[in-house]
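A.B. asks: Pasting the sequence and the predicted coordinates here, then a few questions.
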Amino acid sequence: MDDPFILFHFPNLPNNTLAPVCGISLLSEGSMRASVNEENRQIFYQKAGLDPLMILAVRQKHTKTVYAVHTTAELKDIPTGDGIITIEKNLIPTVTVADCMPIFLFDLETSCFGVVHSGWEGTGIVGEAIKKAEILYQAKAENFKVILGPHIHSCCYTVTAERARFFSDYFTADCVALDKDKVQTHWPYRLSLLKANTHVLTQLGVKKENILDSGFCTQCAVSQGKHLFGSSRRQGDNNYDNMLAFIYFPKNAQLA
């Protein structure tokens, strides 16, 4: 791929809808940790046409903390958290991911939009984002459009029996499956973050037809023989590259 990112568009929008665009940087652009890989981030902003003065970022710790933000000054010190929502169309919420799932949100009725970082520990954060939007902006879950971004899929994500029980008990039983070829290993279960997060969303009232899976597995997706994304499972816990997931209203946005 020649572009430094992949873009996604929300599903089932009415005609003549002004909607935000979602994107994620590619491995070719290097690691994108906030306050750590700032040089890479600044270069990427320029390539992607993102205004660096409008970027919103948080210090991610696999929490379920979501910030509702209206000015860049509110996140100036990069507080700890894993999600950002806003109704200000000039702002650009971002998170970084490497196997964890970026989840993009947009409510046409209130213009609330944002992105959250949902790893296994933070699964359910998307529900916190929608609940906050309901309280602050009088949004309704049924009006949200959602994109489940690139993340490690069950084809590559095996977990312990303990973690499988946790997801089966707290989310939905069908998000885990025993792999008979791995019964003798420490990670015998395959985990679907896609099914777990879809369950969270539909339980809140988000319509299933308004939930779009990007289709990319961060561990195994390749193009022209090269991996597209950073992956902690593939690259190792101490040597992986984070991608930048972002959502914004382009200055020259066209009506859908």
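C.D. replies: That came through, no problem.

A.B. asks: Shouldn't residue 74 be within a strand?
C.D. replies: No. Residue 74 sits outside any strand when classified using DSSP: H, G, I helix; E, B strand; the rest coil, being helix.

A.B. asks: tell me the contacts of the nearest residue to it once chain neighbours are set aside?
C.D. replies: Nearest non-adjacent residue to residue 74, counting by Cβ to Cβ, 6 or more residues apart in numbering: residue 67, 7.2 Å away. No exception for glycine: its C-beta is placed from N, CA and C like everyone else's. Counting by Cβ atoms under 8 Å, 6 or more residues apart in numbering, residue 67 touches 58, 74-75, 79, 81, 83-85.

A.B. asks: mind listing which of those residues are in strands?
C.D. replies: 83-85 (DSSP state E).

A.B. asks: Can you flag the buried ones in these?
C.D. replies: Taking 16 or more other Cβ atoms under 10 Å as the criterion, what is buried in the ones in strands among the contacts of residue 67 is 83-85.

A.B. asks: Check the contact between residue 53 and residue 76; I expect there is one.
C.D. replies: No. Applying Cβ atoms under 8 Å as the test, residue 53 and residue 76 come out as separate, 11.6 Å apart.

A.B. asks: what are the ranges of the helices in the stretch 1-150 of the chain?
C.D. replies: 38-48, 125-137 (DSSP state H, counting those that start in this stretch).

A.B. asks: what helices or strands is the first one leaning on?
C.D. replies: In this structure, helix 38-48 makes packing contacts with strand 5-8, strand 21-25, strand 243-248, judged by 3 or more Cβ pairs under 8 Å, 6 or more residues apart in numbering; DSSP states H and E.

A.B. asks: roughly how far is it from the heart of the chain?
C.D. replies: 19 Å (Cα atoms, centre = their mean, to the nearest Å).

A.B. asks: pLDDT on that helix, on average?
C.D. replies: Taken as a whole, helix 38-48 has a mean pLDDT of 96.

A.B. asks: Dump the helices of the stretch 1-150 of the chain to a markdown table, plus mean neighbour count and distance to residue 156.
C.D. replies: Output for those, formatted as a markdown table (neighbours: other Cβ atoms under 10 Å; distance: least, Cβ to Cβ, whole Å):
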| stretch | mean neighbour count | distance to residue 156 |
| --- | --- | --- |
| helix 38-48 | 16 | 25 |
| helix 125-137 | 20 | 22 |
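
A.B. asks: ok, residue 49 - contacts?
C.D. replies: Per Cβ under 8 Å, 6+ apart, neighbours of residue 49: residue 250.

A.B. asks: What's the separation between it and residue 166?
C.D. replies: Separation of residue 49 from residue 166 (Cβ to Cβ, to the nearest Å): 41 Å.

A.B. asks: tally of neighbours for the closest residue to residue 48 other than its chain neighbours?
C.D. replies: What sits nearest to residue 48 in space, not counting adjacent residues and going by Cβ to Cβ, 6+ apart, is residue 5, at 5.6 Å. When counting by other Cβ atoms under 10 Å, one arrives at 20 neighbours for residue 5.

A.B. asks: Ok, the one 10 residues further on next?
C.D. replies: Residues near residue 15, counting by other Cβ under 10 Å, number 6.

A.B. asks: how close does it get to residue 108?
C.D. replies: 12 Å.

A.B. asks: Residue 32 is in contact with residue 96, isn't it?
C.D. replies: Yes. With contact defined as Cβ under 8 Å, residue 32 reaches residue 96; the gap is 5.2 Å.

A.B. asks: Find the residue at the geometric middle of the chain.
C.D. replies: residue 102 (0.8 Å; Cα atoms, centre = their mean).

A.B. asks: Test my guess that that residue contacts residue 151.
C.D. replies: Yes. The criterion here is Cβ under 8 Å, and residue 102 meets it with residue 151 at 7.4 Å.

A.B. asks: who touches both of those two?
C.D. replies: residue 118.

A.B. asks: follow-up on the earlier one: for the helices of the stretch 1-150 of the chain, which one sits closest to residue 215?
C.D. replies: Comparing these against residue 215 with Cβ to Cβ, the closest turns out to be helix 125-137 (18.2 Å).
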